[in-house]
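In: Structure for the following, please:
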Amino acid sequence: MRLGIQVLPFIFSFVSSQVISSPQPEPFTDFTNYIIWNPAADALPDESLVITWENYPLEPPLVNHPIYRSVDGGSTWTNYSAVEDQVNDWGMRFQPNLYTLPEDFGGYAAGSILAAGVSTPFSLEGGVYIDLYVSEDKAATWTFVSHIVYGDGPETIQNGNDALWEPWLMLYNGQLVCFFSDQRDPAHSQKLVHVTSTDLQTWSDPVPDAVNSIQADRPGMTTIAHIESTDSYIMTYELCGAASCAVHYKVASSPLEFDSAPAIQLISNDTNPIQPRGSPYVVWTEHPDRTDGSGLIIASSASAEVVFVNEDAADPAGWKSVDVGMWSAYSRGMRIVTLQEKKKLFFTNGGNMGNPAYNSIACGVVEIPR
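Out: Residues are numbered from 1 along each chain as shown. Below you'll find the model as predicted:
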C-alpha cells in the first residue's frame, strides 16, 4: 500500500466508504494525525486536495482506487470519485499514484491528472498490469489511457513470480516516465526499473534504476524529488532482504540515470543515529528561511515518526531527524502544498499492515521542518 499527495494543486494516496474523525481541525490550520477514513465494520483552480489509496476487501468485488477531495486544507473530505478498472475486469487493486501534468502532453492539457495503479485479479493469479488513467475534469471522472507494463503473475512477493508493483510517474525531457518495482527478471527477486512514453500509448523497454547483485535482495518503492537548486534528482527506496528494508537513496543529474549512481544508506547524523526502514518517501522544497534558491530535502519512512532533513547536496552525513508529530505508517506520503499563500508539508498516512487497530487513513499539515 502506498500513500501519496498532490494538489490542484492535488494529492494522491490510498479506499472505501466513510469519513470519521474527532476532533476535526479548523480549515487551513496546522494539525497532525487527523483520521479522515476508517474501514467499515464489514470492510464493506483552487487549493483543493485529492487523495487516493488501495483497499483490501473481504469480498471479491472489482475494487477501485477511491478519490477523496478536500477544499479547506484537509479539514473535511468527501468521497469524490474513483479510478475503476475499465478494461481488464479485474479491478484496480494496488499502489495508486497520481500525477498532475505540468504542461500539455500526449493529447491532454496541462492540469490533467494521470493515475497509475496495479490491476490484477482478486485471486492474484492470471496476470498483472500497471495501467494508466486520466482525468480531464479535476478528478471528477476517469478514462483508461494505456497498459504501461504487463507481468504474467501471480501478483505476490514470492521469489520467481512475475509480479509488478508501486508505479511512480513524472514528466521529464518530453517523455512521461513510469518507475516501478519489477519481479520479472529471474536473476533478481526484485529490481527497480523505469519505462518511458512520448505519447502515453506506447512504452519503452524497461531500464534499470537499482539492481542488486544478490538474487534475493528486493529494492522497492521508488519515490523521486527534483532538487531544483542543483537541477539534480534524488531517488529513495527500501532495500529488503539482507538489508532488512533499510532506506537507501541515489542522486543523479537525470532521473533516467539512477542505475549508475551510487546507492547510499540513509542514516541520521544525530547523537543516537536513526536508520529508517521501509516505504520511504522524499520531497524537496525551497528553504523557508532563505532567499538564495537553496532548499531542503525531506525524507520519510515507515519505521519512524520523525522525518529526515538534509541540504541540497544530500550529504550522507547531513541527515538530521525532526519530530513533526505525525504518526509513522507503512506508507506515509508527503507533499509540499501552498495553502493560503504559505507553503506547508502535507502528510497522508496509510494503515499499518498487520495491525487492524491502525487500519485507517490519516492526514496532517505542518510547517516546513528544518
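In: Tell me, please, where in this protein the pLDDT is lower than the cut-off.
Out: 1-23, 31, 33-47, 56-61, 351-358 (pLDDT under 70).
In: As a quick check, tell me the outermost residue of it.
Out: T271 (30.3 Å; CA atoms, centre = their mean).
In: can you tell me which residues contact that one?
Out: By CB atoms under 8 Å, 6 or more residues apart in numbering, the contact list for T271 is empty. Placement of C-beta: from N, CA and C, glycine included.
In: Can you give me the distance of it to S301?
Out: Distance of T271 to S301, given as CB to CB, to the nearest Å: 19 Å.
In: And Q95, by the same measure?
Out: For Q95, the distance to S301 - CB to CB - is 17 Å.
In: Likewise for S123?
Out: Here the criterion is CB to CB. By it, S123 lies 32 Å from S301.
In: For the stretch 201-350 of the chain, just list every one of the strands.
Out: 207-210, 218-227, 232-240, 246-252, 264-265, 281-286, 295-300, 307-310, 320-322, 332-339, 342-349 (DSSP state E, counting those that start in this stretch).
In: Tell me which other helices or strands the longest one touches.
Out: Using 3 or more CB pairs under 8 Å, 6 or more residues apart in numbering; DSSP states H and E as the contact definition, the elements that strand 218-227 packs against are strand 164-172, strand 175-182, strand 191-197, strand 207-210, strand 232-240, strand 281-286, strand 295-300.
In: Number of residues surrounding M92?
Out: A count of neighbours around M92, defined by other CB atoms under 10 Å, yields 31.
In: Spit out the contact partners of it.
Out: Counted by CB under 8 Å, 6+ apart, M92 has contacts 63-65, 83-85, 117-119, 131.
In: Ok, L192 next?
Out: 179-182, 208-211, 219-220, 222, 237, 258.
In: which of those are buried?
Out: 179-182, 209-211, 219-220, 222, 237, 258 (16 or more other CB atoms under 10 Å).
In: between these, which is nearest P167?
Out: Using CB to CB, F180 is the member of the buried ones among the contacts of L192 that lies nearest P167, at 4.8 Å.
In: Which residue, neighbours along the chain excluded, lies closest to that closest one?
Out: Closest residue to F180 apart from its sequence neighbours, by CB to CB, 6 or more residues apart in numbering: P167 at 4.8 Å.
In: from memory the one you found sits against C178, does it?
Out: Yes - contact criterion CB atoms under 8 Å: P167 and C178 qualify, at 5.4 Å.
In: Mutual contacts of the two, please.
Out: With CB under 8 Å, 6+ apart as the test, P167 and C178 both reach 116, 130, 148.
In: I'd like those residues written out as a markdown table, with secondary structure and distance to K320 added.
Out: Shown next, in a markdown table, are the shared contacts of P167 and C178 (DSSP: H, G, I helix; E, B strand; the rest coil; distance: CB to CB, whole Å):
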| residue | secondary structure | distance to K320 |
| --- | --- | --- |
| A116 | strand | 33 |
| I130 | strand | 35 |
| I148 | strand | 37 |
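In: got the residues you listed as TSV, with neighbour count and distance to E228 columns?
Out: Shown next, in TSV, are these (neighbours: other CB atoms under 10 Å; distance: CB to CB, whole Å):
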residue	neighbour count	distance to E228
A116	28	24
I130	26	28
I148	21	27
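In: and these as CSV, adding distance to I227?
Out: Formatted as CSV, the shared contacts of P167 and C178 follow (distance: CB to CB, whole Å):
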residue, distance to I227
A116, 23
I130, 27
I148, 26
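In: Now do the contacts for S303.
Out: Applying CB under 8 Å, 6+ apart, the residues contacting S303 are 276-278, 328.
In: So for it, what's the nearest residue that isn't a sequence neighbour?
Out: R277 (4.3 Å).
In: neighbours of T76, just the number please.
Out: Applying other CB under 10 Å, we find 15 residues neighbouring T76.
In: V283 contacts G333, doesn't it?
Out: No - in this structure, V283 is not within contact of G333 by CB under 8 Å, at 9.3 Å.
In: With neighbour numbers in mind, choose between those two.
Out: Neighbour totals were compared for V283 and G333, and G333 leads with 28 against 25 (other CB under 10 Å).
In: and the more buried one, how far is that from S301?
Out: In this view, G333 and S301 are 12 Å apart by CB to CB.
In: any common contacting residues for these two?
Out: Here G333 and S301 have Y281 as joint contacts, going by CB under 8 Å, 6+ apart.
In: and the residue nearest to S303, how many neighbours?
Out: 19.
In: Could you report the distance from it to I267?
Out: Distance, R277 to I267, by CB to CB: 11 Å.
In: And P288, by the same measure?
Out: P288 is 25 Å from I267, where distance means CB to CB.
In: gap between V247 and L171?
Out: V247 is 26 Å from L171, by CB to CB.
In: Quick check: G220 touching W168?
Out: No - using CB under 8 Å, G220 makes no contact with W168, being 11.1 Å away.
In: what residues are up against A314?
Out: So A314 contacts 227, 234, 249, 251, 264, 297 (CB under 8 Å, 6+ apart).
In: and if you look at P208?
Out: 191-193, 259.
In: that older thread, S123 and S301 - which one has more neighbours?
Out: Between S123 and S301, counted using other CB under 10 Å, the more crowded position is S301 (26 against 11).
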